[in-house]
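Chemist: Fold the following for me, if possible:
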Amino acid sequence: MTIGVVGLGYVGLPLAVAFAEAGERVIAVDASTVRVAAVAAGLSEIEDVPSARLAAVGDAIAATTDYGELTAADAVLICVPTPLTPNREPDLGALRAAGAALAPVLRPGQLVVLESTTFPGTTRDHLRPLLEEGSGLVAGRDFHLAFSPERVDPGRTDHTLRTTPKVLGGLTPGCAARTRAVYELVCDELVEVSSPEAAELAKLLENIFRSVNIALVNELAILTDRMGIDVWEVIDAAATKPYGFMRFDPGPGMGGHCLPVDPFYLTWRAREFDFQTEFIELAGKINQAMPYHCLERVERILNDDGRAVNGARIAILGVSYKPGIGDVRESPALKLIDLLLRRGARLGYHDPHVPELEHAGLVSQPLGELLDDADLAVIVTAHPGVDHGLALERARQVLDLRGVTRRGALAGAAVLL
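Modeler: Below is the predicted model:
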């Protein structure tokens, strides 16, 4: 089988490598000549795919910018970005461009699967017309069409592409069967739903569930701060219940491509049905407000020490959106850094995974150098391997937004969110 993959980012490249490792030929298409050249040279910019792993299957992956090569593929998997506009509406520009470029080379019998997270109806109402009009073929009759959402959690090793159940929804039962035959090459368990819309909404539900529950504990953290109650103690106690409770921890906000973005796909789509998803939108507002709450905590800590934010030396520990990776997309650390810089803080950061923040004019400093004479250290992202105890030794005060100093030898030495 020959598999086409459109988009060589954090979703597409792992897919391409997985199919190559399964013994299939892969045609990998990306609009970026730099990215295509890197993949062709066996160099990976995706942390979940080491360059050695990519190079090992390099002969099976043909990287190109030419969509015409995809005419030889049995299946084409579309893995392009689906961000939000500045007005927080879905931006399908990359998807439309990919569909328009694929349509003229589409041939009878091929399978096209959309993996990009999006709102219900995208596959049927947006991708399908593009492919049909540009090819003269009919989806479900002349070619197969389906949606199968990515479930990538960057940096995670306990749940992989193979071991994570793969949801799929075909335009027709025949489309679903064809999709199943492709993904069973690289996935141990397939979960078939009745339609692309059901699969699209299932992916949104996964991330909305997390967003809403994170918002709940974040709101509780703001309240307990005012009440003088330790929110971490409350969560620890509630988590001892063996049923009916799932633990979520508070933090400075949500980051990455999915959680800060995906819920708004559904809120936008719901408005077309004269429905307001108030619960989901409220959760988004709470999570987006958390950097401001963290800023208030910084101001109070410094004020209690007789200092102002203006001119204070503040050390930020961790700027990526989650531990163990270098992805800063939608990271709450970026918002907090921006807020502190606007208030005149003398700011520096340490992150072993992010060497520089070009937009802020900052580079990652050695931890010890950063902490010397720091008025306040703020743990924003708790990377494994970072010596947070050193922050407690060197900085005048520490604000822990992730709760990593709650236990053991570090307990009680930092101010917690």
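
Chemist: Tell me the backbone dihedrals of residue 112, please.
Modeler: When read as degrees, to the nearest 10, the backbone of residue 112 gives phi -120, psi 130.

Chemist: ugh, typo on my part, it should be residue 150
Modeler: Main-chain dihedrals, residue 150, degrees, to the nearest 10: phi -70, psi 150.

Chemist: same question, residue 7
Modeler: phi 100, psi 120.

Chemist: just residue 145 next, same as before
Modeler: phi -140, psi 140.

Chemist: go on, residue 6?
Modeler: phi -100, psi 120.

Chemist: Burial check on it, number of neighbours?
Modeler: Look at residue 6: counted by other CB atoms under 10 Å, it has 29 neighbours. All C-beta atoms are positioned from the backbone trio N, CA, C, and that covers glycine.

Chemist: element containing residue 252?
Modeler: Take DSSP states H and E as the rule and residue 252 turns out to sit in neither a helix nor a strand.

Chemist: Same question for the one 3 residues further on.
Modeler: Take DSSP H and E as the rule and residue 255 turns out to sit in neither a helix nor a strand.

Chemist: Name the nearest residue to it, sequence neighbours excluded.
Modeler: Once flanking residues are discounted, residue 255 sits nearest to residue 321: 2.5 Å by CB to CB, 6 or more residues apart in numbering.

Chemist: Verify the stated contact: residue 166 with residue 185.
Modeler: No: here residue 166 does not reach residue 185: they are 11.0 Å apart, not a contact under CB atoms under 8 Å.

Chemist: neighbour-wise, which of those two wins?
Modeler: More crowded of residue 166 and residue 185, by other CB under 10 Å: residue 166, with 23 against 16.

Chemist: partners of that one in the sheet?
Modeler: residue 190 (DSSP bridges).

Chemist: Now do the strands in the stretch 151-300 of the chain.
Modeler: Counting by DSSP state E, counting those that start in this stretch, one finds strands in the stretch 151-300 of the chain at the ranges 166-170, 190-193.

Chemist: Poorly predicted segments of the protein, please.
Modeler: The model of the chain has no residue with pLDDT under 70.

Chemist: so how far is stretch 315-326 from its chain's centroid?
Modeler: Its chain's average C-alpha position is 14 Å from that of stretch 315-326, according to CA atoms, centre = their mean, to the nearest Å.

Chemist: Straight-line length of it, end to end?
Modeler: Taking CA to CA, to the nearest Å, stretch 315-326 runs 18 Å from one end to the other.

Chemist: The lengthiest helix in the chain to strand 166-170, inter-axis angle?
Modeler: The residue-count maximum for a helix in the chain (DSSP state H) belongs to helix 196-227. On the basis of axes from the mean of the first three to the mean of the last three CA atoms, to 10 degrees, helix 196-227 is oriented at 140 degrees to strand 166-170.

Chemist: all helices of the stretch 201-350 of the chain, in order?
Modeler: Applying DSSP state H, counting those that start in this stretch to the stretch 201-350 of the chain gives helices spanning 231-238, 262-271, 278-304, 332-342.

Chemist: do you know which of the ones you listed lies nearest residue 114?
Modeler: Closest to residue 114 of these, according to CB to CB: helix 262-271, at 13.3 Å.
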